[in-house]
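Enquirer: What follows is a protein structure lacking sequence information:
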């Protein structure tokens with residue numbers, strides 16, 4: 001799942017659903033558009049993204065796990081990040097995959113995919129971090145970002 005905020009305003013939330021643990025076989029794609037979204041507020045990204053996630057989830061099947069672009073928790077004390085708020089709303093395990101390091105997210109596990117020299121940062125709630133890391137490292141794709149995450153990013157960015 002991913003959310004994009006175009007320059008002209010609003011938001012597009014995208015979700016791809018896979019039929020296998022490698023996320024190699026995408027069986028559904030969903031996109032929701034919101035014309036109005038809250039302004040960005042530091043430390044409250046979830047307040048901006050949750051309505052978009054709620055909108056795209058209305059069409060989705062029941063999920064075994066949700067993988068989001070971002071962090072589940074933000075510091076050693078477990079301060080909730082985007083993924084933790086989704087978990088509270090959906091009661092579905094959430095794995096966060098972030099492209100950049102967040103200095104206080106010390107529970108994040110760095111993983112390298114393909115021949116990438118820059119890591120991705122994995123966090124999780126509702127599943128053990130070891131399972132989350134294994135799932136992310138096993139995702140289909142030859143690049144730093146697994147194919148399913150690249151696809152959902154493209155859907156969110158290119159839907160007009």
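Expert: Done, it's in. As the structure is a computational prediction, the values presented were derived from the model and not from experiment.

Enquirer: Quick check on the most centrally placed residue in the chain: phi, psi?
Expert: A centroid search over the chain (CA atoms, centre = their mean) returns residue 68, at 0.9 Å, as the residue closest to the centre. Main-chain dihedrals, residue 68, degrees, to the nearest 10: phi -120, psi 160.

Enquirer: Enumerate every residue touching it.
Expert: Counting by CB atoms under 8 Å, 6 or more residues apart in numbering, residue 68 touches 1-2, 82-83, 86, 94-97. For glycine as for every other residue, the C-beta is placed from the backbone atoms N, C-alpha and C.

Enquirer: Any chance of JSON lines for those, columns neighbour count?
Expert: Below are those laid out as JSON lines (neighbours: other CB atoms under 10 Å):
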{"residue": "1", "neighbour count": "27"}
{"residue": "2", "neighbour count": "25"}
{"residue": "82", "neighbour count": "25"}
{"residue": "83", "neighbour count": "29"}
{"residue": "86", "neighbour count": "26"}
{"residue": "94", "neighbour count": "29"}
{"residue": "95", "neighbour count": "22"}
{"residue": "96", "neighbour count": "29"}
{"residue": "97", "neighbour count": "26"}
